[in-house]
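J.: Kindly return the folded structure for what I paste below:
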Amino acid sequence: MGTETLVKLGSRAEEIGYNGGLTCTLGVKDLKKSVAWFQDVLGFNLEYLLEDMGWCELKSPTNGVWLGLSQVEEVKVGGGSTLVFGVADIDHARMELEKKNVRFDGETTTIPEMVRLCTFFDDDGNTFMLYQSLSQATAN
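T.: Residues are numbered from 1 along each chain as shown. Next comes the predicted model:
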């Protein structure tokens, strides 16, 4: 996306009045178990838990990005959005997740001079990815 496109989107975004936050939501079978997984495995911080409503929000390490977990009877996996987190060193990040027995979908993929990617899953089968930029523009 070029700078011109960002400027055009920016003026419309100002009209809408975004506040810089983003909350992504996922369905999980066991809310407490999932909260522990996101804290222990990905380093998220629990902001609040509403047990009677089966809902919580966790703050991700990415500024302004929150994760809402909703306890559901049946988790529907496949399709939908995939949360993709940027990391400085994907090999190190993957190694840290593997220490926690996180399940990955194959090897880390490299698109030369662009990006390295790997896909992993939480205990409910929700899909996540890590990326490491190889572009000089974003590497600095």
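J.: Going along the chain, name the helices of the chain.
T.: Per DSSP state H, the chain carries helices over the ranges 3-16, 31-42, 90-99, 136-139.
J.: list the contacts for Met53?
T.: Residues counted as contacts of Met53 (C-beta atoms under 8 Å, 6 or more residues apart in numbering): none. Every residue, glycine included, has its C-beta placed from N, CA and C.
J.: go on, Gly20?
T.: Taking C-beta under 8 Å, 6+ apart as the criterion, Gly20 is in contact with Gly64.
J.: For Ala13, see how far away it is.
T.: Gly20 sits 10 Å away from Ala13, taking C-beta to C-beta, to the nearest Å as the criterion.
J.: so who does the residue nearest to Leu26 when sequence neighbours are not counted touch?
T.: In space, and not counting its chain neighbours, Leu26 is closest to Asn126: 5.1 Å by C-beta to C-beta, 6 or more residues apart in numbering. Contacts of Asn126 were listed using C-beta under 8 Å, 6+ apart, and they are 26-28, 75, 77.
J.: And the residues you listed, which two are furthest apart?
T.: The largest separation in the contacts of Asn126, counting by C-beta to C-beta, is between Val28 and Val77 at 11.0 Å.
J.: Met114 - nearest residue in space that isn't next to it in sequence?
T.: According to C-beta to C-beta, 6+ apart, the nearest residue to Met114 is Leu134 (5.6 Å).
J.: how many other residues sit next to the residue nearest to Gly125 when sequence neighbours are not counted?
T.: Nearest-residue entry for Gly125: Val77, 4.1 Å, with adjacent residues in sequence omitted and distances by C-beta to C-beta, 6+ apart. Close neighbours of Val77, defined as other C-beta atoms under 10 Å, add up to 14.
J.: How much space separates Asn45 from Val77?
T.: Applying C-beta to C-beta, the value for Asn45 to Val77 is 25 Å.
J.: Could you do Leu83 as well?
T.: 13 Å.
J.: from the helices of the chain, which stretch is densest packed?
T.: Mean neighbour count (mean count of other C-beta atoms under 10 Å) peaks for helix 31-42 among the helices of the chain, with a mean of 17.
J.: low pLDDT regions in the chain?
T.: Residue ranges of the chain with pLDDT under 70: 1-10, 137-140.
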